[in-house]
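Colleague: here is the input, now give the coordinates:
(2 chains)
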Amino acid sequence: MEILLGAIDTLWRWDVLVALLIGSVGGVIIGAIPGVGAAVAIAILLPATFALEPIVGLTLLLGIYGSSMYGGSIPAVLINTPGTAVNALTTYDGYPMTQRGEGRRALSLAYSASFFGGIFSVVCLILLAPVLAMIAPHFGSREIFLAALLGIVLVVLAHRGQVFAAGMLVCLGIFLNTVGLDPTTYTKRYTFEQTWLASGFDLIVVVLGLFALSQAFLLLLSPDESPKTKPLSGGLFQGLKELWLYKRVASAAASFGVLMGMIPGVGEFTAQFMSYTYAQKSSKTPEQFGKGAPEGLVASEAANNAVPGAAMIPLLALGIPGEALTAMMLSVFYVHNVVPGPQLFQGQMDFIVALYIALLLLNIMVMIFLLFSTNLILKVIQIPTRFLGVVILTLSFVGVYSLRNSMTDCAIAAGFGVFGLILKRLNLPVVPIILGMVLGGIMEVKLRSSMARVKEPLDFIDRPIAAIIFGLIVLVIALHVRSVIKEYRAAKTAHTDNGDKA
Amino acid sequence: MPNQKSYQQLFQRERRRGDLVFAVIFMAFSIFLLSQIGTETAWGRKTKLVAQPYFWPIVSLSGMTFFAVLHFLGSILSPRIPGRLQELGFWLRALEYVAWFLVYVWLVPVMGYLPATLIFMPLLAFRMGYRDKKMLLTAAGIGFAIVLLFKSFLAVKIPAGEWYEYLPDFMRSFMMINF
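Modeller: Residues are numbered from 1 along each chain as shown, chains lettered A, B, ... in the order given. From the prediction side, this is the model:
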């Protein structure tokens, strides 16, 4: 009770509530504009929040983080263009519903499913908190190192069909983190005698380049588009009632979202894929999936909106981000002098509860905003894409330059912007670079500190949690190797059959 | 032969235009960085392997090179989509906007945040093909709103323009603080 009161006391301030409101509403609008997304907005706004009080800055960015996916469903449903990448699956069933004149119903159902997913994950977070508070102190250096290593392995293997690219980019991220001065011996690493490399690559500069500037360049170089949408008539409340008909799918999808969100490196895409497959397999009309099945829409939106809350679990308990947005949120915490990890659960439980309440509030605020302002957001979607590129480029300046007033930072960010543009054009993943930088830094520090107590290699996994995580790493790799061998055998059989026929 | 073909299939993936160029450059860059490990990192005496300054660079660069070679193999074994030069041209065209961005960055501490933004946004909008007054004025308006939000309201650290020194006394400090 004391903790709860402390949390309410932390949040019950006009500036915190205003920040939460601006973050939530802003997140929805940003998420609704195709080509912007929460990553770009958080990257740009992060340095701007340095001047704010930690809790104010955190709630502002948390609002954007938790609400962007709500907005992303609007263009996904109405114009077949996902607002954020994670809304891609929403287009499969949302847009066909719009085509047959059920746009309002689809949107209402998408909002309701997102709301359910968001609230479900926060409730799970609250229920899991006592368990986490119990387990978190048992995570020492070696357990955190192994959990970060598991995150690296999962982020590589989760990019099916792009495992080699994800592997080389995650290693690039780890390498980028090593450039500059060694943290213990203070010797130079890969500075090539250049003073501008001595301080290494700042995560925020790299993030701004890879996400914001690359997106600006892409929009400026691509043909201009101005999506046309018709205003919606009638209320959007019906989805809340209709969701009850799909309660099984919504609950399963939200559970997948929570489970996948908790595992570092996996994230929304796997959660959506699993929940969509489950919904299709368990449906009485599986042939309708992809042609406007409401269950498909519910599965996709409930799953992706359950992830942000769940992704806060490894972030808060262990300081390990599971995807790019939580990696950015980690820097948000650091910048505002909040160090996520086991100590946070032991010493600042009221702060954690305040974050839960903030997440709950933002879901409610967003839902109310969406129910009454969707037609207003539809106007924002119609901004021409090249004009949007001009705005993002101008905003990126604030993000990079206000860090250290450095022209060099801007040039580095622009370089990463071009690199990000190339990766996007080649359809190669950007996220592994960011996770490599963050998790690489954690692994370096934790491995060094853990080796002081390790005499033989097996000592490293002589504690139960360390042994379990190590076992998981081996299992995940073994399962992947098994699937590759299966693929190889299938390809071999196909070739032999073709040869016989010939 | 079926064996060789099925091995090849393991490496095949969806390939876009310019994929091979990227794969070759990335692989060459990884090998170059790995070859510099001796000169670009230090070796500490009486230091454990994992605490050596070279340990993480060598781990990451070895991984980078290993995966870059596999990615390169995947690229040469996957069906090619024509249009490599066009794609390279697209990448290089991004340099124009890098230049726009860096000129803007250079101008801000000289002219001041507000004047530089009020010139930069409509000018770039014009370059992007927006010629009607409405769009150019909207660009200037958004520029003004950005400056107002970040510099005046959120007080982000952006230095005052050198040109502000020439403003009359009653305006100078106001402009320096807010715009």
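Colleague: show me where the stretch 251-400 of chain A has helices.
Modeller: Under the criterion DSSP state H, counting those that start in this stretch, the stretch 251-400 of chain A carries helices at the ranges A:268-282, A:294-318, A:324-335, A:342-347, A:349-381, A:385-404.
Colleague: mean neighbour count, those helices: which tops it?
Modeller: Each of the helices of the stretch 251-400 of chain A was scored by mean neighbour count; the highest is helix A:294-318, a mean of 30, by mean count of other CB atoms under 10 Å in any protein chain shown. Every residue, glycine included, has its C-beta placed from N, CA and C.
Colleague: picking up where we left off before, so which of the helices of the stretch 251-400 of chain A gets nearest chain B?
Modeller: Among those, the nearest to chain B by CB to the nearest CB is helix A:385-404 (4.2 Å).
Colleague: near chain B, anything from the closest one?
Modeller: Yes: counting by CB under 8 Å from any CB of the partner chain, chain B is contacted by helix A:385-404 at A:386-387, A:389-391, A:393-398, A:401-402.
Colleague: give the rounded mean pLDDT of that helix.
Modeller: In this model, helix A:385-404 has a mean pLDDT of 88.
Colleague: how close does A:G26 sit to chain B?
Modeller: 11 Å (CB to the nearest CB, to the nearest Å).
Colleague: dihedrals phi and psi, the residue lying closest to that residue once chain neighbours are set aside?
Modeller: Sequence neighbours aside, A:I64 is the residue nearest to A:G26 in space, at 5.9 Å (criterion: CB to CB, 6 or more residues apart in numbering or on different chains). The phi and psi values for A:I64, taken as degrees, to the nearest 10, are phi -60, psi -40.
Colleague: and A:I64, how far is that from chain B?
Modeller: Counting by CB to the nearest CB - A:I64 and chain B are separated by 15 Å.
Colleague: quick one on the thing from earlier: and the residues of helix A:385-404 next to chain B, which two are the farthest apart?
Modeller: Comparing all pairs in the residues of helix A:385-404 next to chain B by CB to CB, the longest separation belongs to A:R386 and A:S402, at 25.4 Å.
Colleague: checking B:R17 next. Helix, strand or coil?
Modeller: Following DSSP: H, G, I helix; E, B strand; the rest coil, we place B:R17 in the coil state.
Colleague: ok, it - contacts?
Modeller: B:81-84, B:86-87 (CB atoms under 8 Å, 6 or more residues apart in numbering or on different chains).
Colleague: can you list contacts of stretch A:369-387?
Modeller: A:24-25, A:28-29, A:32-35, A:70-71, A:74-75, A:78-79, A:83, A:107, A:111, A:219-220, A:222, A:224-229, A:231-232, A:235-237, B:125, B:128-130, B:135, B:138-139.
Colleague: what about chain B, any weak spots by pLDDT?
Modeller: For chain B, residues meeting the criterion pLDDT under 70 lie at B:1-13.
Colleague: actually the stretch 351-500 of chain A, not the one I wrote
Modeller: In the stretch 351-500 of chain A (pLDDT under 70), the answer is A:495, A:498-500.
Colleague: now check the longest helix anywhere in chain B, is it near chain A?
Modeller: In chain B, with assignment by DSSP state H, the single longest helix is helix B:84-111. Yes: counting by CB under 8 Å from any CB, chain A has neighbours in helix B:84-111: B:87, B:90-91, B:93-95, B:97-98, B:100-102, B:104-106, B:108-109.
Colleague: and that helix, what does it pack onto?
Modeller: Packing partners of helix B:84-111 (3 or more CB pairs under 8 Å, 6 or more residues apart in numbering or on different chains; DSSP states H and E): helix A:214-221, helix A:385-404, helix A:407-425, helix B:19-35, helix B:113-127.
Colleague: out of the contacts of B:R17, who's nearest chain A?
Modeller: Nearest to chain A among the contacts of B:R17, counting by CB to the nearest CB, is B:E87 at 6.8 Å.
Colleague: need phi/psi at the closest residue to the closest one other than its chain neighbours.
Modeller: When the adjacent residues along the chain are set aside, B:E87 lies closest to B:G18, with 3.5 Å between them (CB to CB, 6+ apart). Phi and psi for B:G18, reported as degrees, to the nearest 10, are phi 90, psi 0.
Colleague: one more: A:L181?
Modeller: Per-residue torsions, A:L181: phi -90, psi 140 (degrees, to the nearest 10).
Colleague: ok, A:K188 next?
Modeller: A:K188 has phi and psi values of phi -80, psi 140 when expressed as degrees, to the nearest 10.
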